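Undergrad: Here is the input, now give the coordinates:
(2 chains)
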Amino acid sequence: MSLAFLLRRLIYGVISLFILSLIIFCCTHLLPGDAATAILGEQATPEALAALREKLGLGQPLPAQYAAWIVGVGRGDFGISTTLNQPVGAIIRLPFAHSMALAPVTLLAAAAIAIPLGVLAALRRGRRIDAAILAGSYLGVSIPDFVVAPLLIMVFAGPPLQLLPSSGFVPFADSPSGWISHVVLPVTALTTILMAHLMRQTRSGMIEVLGSDYVRTARLKGLPERIVLRRHALRNALTTTITILALDVGYLLGSIVIVEEIFAYPGLGRLVIYAVANRDLPLIQGTTLVIGAVYVAANLIADVIHGALNPRVGQG
Amino acid sequence: MARKPDRSPILTRRGFGGLVAVGAAGFLLPQAIIRPARGEARAGGELTVTLYQDLRTLNPIMGIFGNEWRTTINLYDNLTQLTPHGGVEPALAESYEASNDASVWTFKLRRGTKFQDGASFGSADVVATVEKILDPKTAAPYKAELGPIAAVKAIDDLTVRFELSSPYADLPKALASPTARMISQQGITDFDKLGTTANGTGPFVLKEFVPNDRVVMERNPNYFRSGRPYLDRVVMRVLPDTNTQVAALRNREVDVIADVEADTFKEISEIKGVNSMQILGGTFNNIVLYANKPPFDDPKVRMALRLAMDRVQMTAAITAGTGAPANDQPIAACYEFEDKDMPLRKQDLAQARRLLKKAGHGDGFEHKLVVSNSPASRQKTAVVVQAMAQQIGIQLNIELMDNARYGSTIWNKGIDSYVGNYTTRPTEDAIISKLYSAKFGIDEGRWATPEVEKIIAEGRATTDQAKRRQVYVRLQRIAADQGPFIIPNFFNSLAGAWGYVNRWPARAMVADIKLDQTWLSSDAPGRKKT
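TA: Coordinates of the predicted model:
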């Protein structure tokens, strides 16, 4: 893998983030309702609204507002949240850490369960076990997260089981067991959805590879099936799976918004909902940019792994 | 420490079943019963309270949400405070008196009170706080509720004089409102920090604040009411989903739900060991019928729509049995000057159709009604009003809208009809001036007649209680018969707490929860940090 290849990917990532920030900026301005009305509520007098708009700089032309913001970002300053009156960077730090605790656990859990099952289904294609795995994944794909999460609360946090807390968060440093008990349900909800998706993709990737010429050649050479699967089929199928896993990071980040809200988990997702509901422009910009950056980073890592597994990719 | 039994008018689940009275119009009205505290007050323990949505700032002057008020009332004090029955008593003030025409008020302050940083509380702090609220640059959202204060002056260290631009008899009550918590001079200087920090005189000291997630407070050992508070620690947790809230209460992850929705109240009251409390409240949704625009500029059309409403049925549907029917005016039973003799308007479809015909709408008409998605009760109100209006040929077309968009494009813009939402206020005048006066409020229905403006001004200037009652009764009658709103019902204020929580301050103003007298029985669960 060449350095030029990596650099080019990095530059693409930064350009994507820039375009993302522009789109988010424009979309937020298309939303009716502004930060001043969100802050002052239904009790606001027109004079109070005008005074606050001025204070927040909402009266300036849009390009000027955007330019001021993007220049700040260049210096690492994401601006001041209009509703919370604190630097956006400081507000995002902790929720980001909390969400980043959920995401890798979910990805690992989903990969650990879904990839073997997907491979198994592909190998037993058309048999009963394949049908069962497929049916399970259909179920997982079609039940949305906002149904899975309350269901989990009802079953595991509600009576009669009452095994786990329904919501909230405990820092790991305060109580490791408390942390685990609060993370189990959100991770389960996220994994259920992601797993189904990943399983289906692994299965179809594997089936495609198993039907390919080089697998047929390997078998004709008389290699043992174990070697054929491990060295030829799985390795190639994995490259697709990794790409899918990276794309699924985006899917995961979307689900996190909903799941965190339902479990009152103080992460980035809840912060996004708060920011949008309150038309807190700097906070919307900051949170979406961070989410975008995570997605870009995940794809960059996938590219690297991809390149390592398949030397043809990293060449030019 | 022995104390008298709790005499706040809390309705428990048990009381609600047995003790009901038939109201004037045949509707079952909950009757207040006494719920004694279990034994003597006991110091110590941690209380976890869950709140529903929106806790953004700890700045008392900039707060607009119930949860913000619920928090600041425990960190700060006001000059005065409301009693459980809607009256007012001194708090940081020791006493107060008005000039004969109620246009100059003098407040004597309590001696020896300290802010949590050790600074003494005195008249300079009162002046700094009030002037900050009045400063137009502050853009304080609830400034108008303080009344017509023209100037505030420190006479000596412990005496403050309020000079008003017009007489205002409600000033003591107005100063008990959430906006008017007393902040130190230093706090006012560092105004921008008040959103996340607190240095009040209140019963609790701020330990941690994560916006929209949690507030942790600990006992203020130097609280001016000696012996209080009883609790060592109070945690307020925002849970944005009502199902999660109920599950958390059931699991004893939280001890109290501070503001229960009508729909979940029944579920909570069925949990064994949980006290479900309801207090007659003054929160309402008002359908705004602009009186300066067709078709509702014709009083006959407004009256026709009123007569189409079956208020008893509507109240049952909208509040799930946790509300009281209303007469299209905003003064509920929790206010001092409610017109108790006003009969509930009965549905009269024949008369309604006659009025419509007279107004030239014999075939009915279509009309747009905008509804915001929050709080959820607005949508219910809209649908139920729509069904009632249909019976006389008025077709209301409901348009659902995101709350932020509604706030900036529909509310009080004078264009489309919509469903407004108001919580219980400290005084009759606060809600009446706001809704009906162009001079002191927003005249939401574009209806303020000279007669109504005159009555409102008279109410504000009258200090004699009996005379004030007459004034407000007159206004309630006029608003009910001619006003620009449909107000089908009031919502009770609802809370749920485990039995080991004693003296939870259930109030008509749901946000008015000072926890300085609340205590936990010995069977309260010990809890690890959550």
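Undergrad: Could you list the residues of the stretch 101-250 of chain B in contact with chain A?
TA: Residues of the stretch 101-250 of chain B found near chain A, taking C-beta under 8 Å from any C-beta of the partner chain as the criterion, are B:136-144, B:192, B:195-196, B:210-214, B:237-241, B:243-244, B:247-248, B:250. For every residue, glycine as well, the C-beta is placed using N, CA and C.
Undergrad: Any regions of the stretch 51-200 of chain B where pLDDT drops low?
TA: In the predicted model, the stretch 51-200 of chain B carries no residue with pLDDT under 70.
Undergrad: quick one, what contacts the residue in the stretch 301-450 of chain B positioned nearest to chain A?
TA: Of all residues in the stretch 301-450 of chain B, B:Ala404 sits closest to chain A, with a separation of 3.3 Å (C-beta to the nearest C-beta). For B:Ala404, the contacting residues are A:31-33, A:37-38, A:277-279, taking C-beta atoms under 8 Å, 6 or more residues apart in numbering or on different chains as the criterion.
Undergrad: Test for you: state the pLDDT assigned to it.
TA: Looking at B:Ala404, its pLDDT stands at 75.
Undergrad: What of B:Gly15?
TA: In the prediction, the pLDDT value recorded for B:Gly15 is 34.
Undergrad: Now the strand or helix carrying A:Val257: buried residues?
TA: According to DSSP states H and E, A:Val257 maps onto helix A:235-262. Taking 16 or more other C-beta atoms under 10 Å in any protein chain shown as the basis for neighbour counts, the residues of helix A:235-262 that come out buried are A:236-253, A:255-262.
Undergrad: near chain B too, which of the residues you listed?
TA: Intersecting the buried residues of helix A:235-262 with the surroundings of chain B, defined as C-beta under 8 Å from any C-beta, gives A:261-262.
Undergrad: How many neighbouring residues does the closest residue to B:Asp481 other than its chain neighbours have?
TA: What sits nearest to B:Asp481 in space, not counting adjacent residues and going by C-beta to C-beta, 6 or more residues apart in numbering or on different chains, is B:Met303, at 7.5 Å. Applying the criterion other C-beta atoms under 10 Å in any protein chain shown, we find 19 residues in the vicinity of B:Met303.
Undergrad: Pretty sure B:Met303 sits in a helix.
TA: Yes - counting by DSSP: H, G, I helix; E, B strand; the rest coil, B:Met303 is found in a helix.
Undergrad: For the one residue sitting closest to the centre of chain B, give its distance to B:Ser103.
TA: With the centre of chain B defined as its mean C-alpha position, the nearest residue by C-alpha atoms, centre = their mean is B:Thr424, 2.8 Å away. The gap separating B:Thr424 from B:Ser103 is 27 Å, by C-beta to C-beta, to the nearest Å.
Undergrad: Could you report the separation of the closest residue to chain B within the stretch 51-200 of chain A from B:Asn403?
TA: Shortest the stretch 51-200 of chain A-to-chain B distance, computed as C-beta to the nearest C-beta: residue-wise this is A:Ser166, at 3.7 Å. Relative to B:Asn403, A:Ser166 is positioned 26 Å away (criterion: C-beta to C-beta).
Undergrad: more crowded one of those two?
TA: Each of A:Ser166 and B:Asn403 had its neighbours counted (other C-beta under 10 Å), and the higher figure belongs to A:Ser166 (30 against 20).
Undergrad: So the more buried one lies in a helix, does it not?
TA: No - applying three-state DSSP, one finds A:Ser166 to be coil, outside a helix.
Undergrad: Thought B:Ala248 was touching it, still the case?
TA: Yes - the pair A:Ser166 and B:Ala248 passes the contact test of C-beta atoms under 8 Å, sitting 5.0 Å apart.
Undergrad: hmm, the helix or strand hosting A:Arg53 touching chain B?
TA: Counting by DSSP H and E, the element that carries A:Arg53 is helix A:46-56. Yes - shown here: helix A:46-56 in contact with chain B (C-beta under 8 Å from any C-beta) through A:47-49, A:51-52, A:55.
Undergrad: Spell out for me which residue occupies the centre of chain A.
TA: Central residue of chain A (C-alpha atoms, centre = their mean): A:Leu253, 2.2 Å from the mean position.
Undergrad: three-state assignment of the closest residue in space to that residue that isn't next to it in sequence?
TA: Once flanking residues are discounted, A:Leu253 sits nearest to A:Ile291: 5.2 Å by C-beta to C-beta, 6+ apart. At A:Ile291, secondary structure determined by three-state DSSP is helix.
Undergrad: now do B:Ile415
TA: With three-state DSSP as the basis, B:Ile415 sits in coil.
Undergrad: which helices and strands sit right next to the longest strand along chain B?
TA: As assigned by DSSP state E, the longest strand anywhere in chain B is strand B:274-288. Contact analysis of strand B:274-288 by 3 or more C-beta pairs under 8 Å, 6 or more residues apart in numbering or on different chains; DSSP states H and E lists helix B:13-18, strand B:28-30, helix B:262-269, helix B:377-390, strand B:417-422, strand B:485-486, strand B:489-498 as its packing neighbours.
Undergrad: how far off strand B:489-498 does it point, in degrees?
TA: 160 degrees (axes from the mean of the first three to the mean of the last three C-alpha atoms, to 10 degrees).
Undergrad: Check the offset of strand B:274-288 from the chain's centre.
TA: In terms of C-alpha atoms, centre = their mean, to the nearest Å, the centre of strand B:274-288 is found 9 Å from the chain centre.
Undergrad: between it and helix B:262-269, how many degrees?
TA: Relative orientation of strand B:274-288 versus helix B:262-269 (the same axes, to 10 degrees): 170 degrees.
Undergrad: and strand B:274-288, average pLDDT?
TA: 94.
Undergrad: ditto for stretch A:186-196
TA: If you average the pLDDT values across stretch A:186-196, you get 89.
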